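> Quick one, structure for this:
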Amino acid sequence: MARFREEYPGFTPEEIVASICAYEEEGNIGDVLAKMPATINDAPYTTLVVVDGGEDLTGEVARTYPGVKVIEFPVNLGHGVALQVAYRYCIDHDVKYVVTLDADGQNDPAEIPQILAPLLSDQSDFVVASRVLGEDKTSDLVRKSGVRFFSLVMNRMTGAHLTDTSTGYRALRVTMLADVLDRLTQEQYQTAELLITCLKRGWRASEVPTVWYPRASGTTKKGKNWLFGFRYARVVFGTWWRER
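Below you'll find the predicted structure:
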């Protein structure tokens, strides 16, 4: 954060922030940033890239895009930590809404306005972009089955009616994040922890359809399916037990 303040002295973010957490995504981050809309509903917004350490040039690539602001960790701390840093920044700077999306090209930035819409109309506090309601263009049937399985489990735990509870493409009310941030502990797999915590504390969740694309290049950082499933299940049940 000291480097951030040196790079952008006096900078104040807009009321809407699009946050992209990236770990060794130099081959993909540029294409994602190139597709970011010029405005959101004719309003300016801030694009914030949080680089979670790594040995490649993700941060340098992101800095070449005009208007993009970069927080870069000196070492890898985990996707959950990167998200928490982005959330804390938004809370501390009076941001109203934050949209999180992936750096690997699986999310279409053109969908940001429709994902934000339920927040702007005060119909929701937590909006999930659902690949089940929309279209999942990936080919991993195990992962697709896992999306539906964990959605069923989390709905039973929370009383929600969501079809996709494991996506990182979402829009969040920052006052909601201020309420839950100090309860978040996960270094990885924070999607489940955040959603369960928010629902258990009475915040409103809804979803809109999305098109989910295959990773543009490189390999997933989530690990093999069985390992990812085990770790994700541990977070789901651990968070539910904590918040019950």
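> What segments of the chain are helices?
2-7, 29-34, 58-63, 79-92, 112-120, 141-158, 174-180, 190-200, 225-243 (DSSP state H).
> Quick one: closest of the ones you listed to Val51.
Among these, the nearest to Val51 by CB to CB is helix 58-63 (4.3 Å). Just so you know, the C-beta spots here come from the backbone N, C-alpha and C atoms, and that holds for glycine as well.
> Report all helices and strands that the closest one contacts.
Applying 3 or more CB pairs under 8 Å, 6 or more residues apart in numbering; DSSP states H and E, one finds that helix 58-63 contacts helix 29-34, strand 46-51, strand 69-72.
> Out of those, which one sits most buried?
Most buried of the helices and strands packed on helix 58-63, by mean neighbour count (mean count of other CB atoms under 10 Å): strand 46-51, with a mean of 25.
> got the contact list for Glu243?
If you count contacts by CB atoms under 8 Å, 6 or more residues apart in numbering, Glu243 has them with 183, 196-197, 200-201.
> 10 Å - rerun?
Counting by CB atoms under 10 Å, 6 or more residues apart in numbering, Glu243 touches 157-158, 180, 183, 193, 196-201.
> Redo the helices of the chain as JSON lines? Include mean pLDDT.
JSON lines is the format used below for the helices of the chain (pLDDT from 0 to 100):
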{"stretch": "helix 2-7", "mean pLDDT": "95"}
{"stretch": "helix 29-34", "mean pLDDT": "97"}
{"stretch": "helix 58-63", "mean pLDDT": "97"}
{"stretch": "helix 79-92", "mean pLDDT": "96"}
{"stretch": "helix 112-120", "mean pLDDT": "97"}
{"stretch": "helix 141-158", "mean pLDDT": "93"}
{"stretch": "helix 174-180", "mean pLDDT": "98"}
{"stretch": "helix 190-200", "mean pLDDT": "94"}
{"stretch": "helix 225-243", "mean pLDDT": "88"}
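> could these go into CSV alongside distance to Arg131?
Below are the helices of the chain laid out as CSV (distance: least, CB to CB, whole Å):
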stretch, distance to Arg131
helix 2-7, 32
helix 29-34, 17
helix 58-63, 25
helix 79-92, 19
helix 112-120, 13
helix 141-158, 7
helix 174-180, 23
helix 190-200, 13
helix 225-243, 16
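> related to what we said a few turns ago, for Phe230, state which of the contacts of Glu243 is nearest.
Closest approach to Phe230 among these (CB to CB): Glu193, at 15.6 Å.
> these two touch, right, that closest one and Phe237?
No. Between Glu193 and Phe237 there is no contact under CB atoms under 10 Å: 11.0 Å.
> All set now, cheers.
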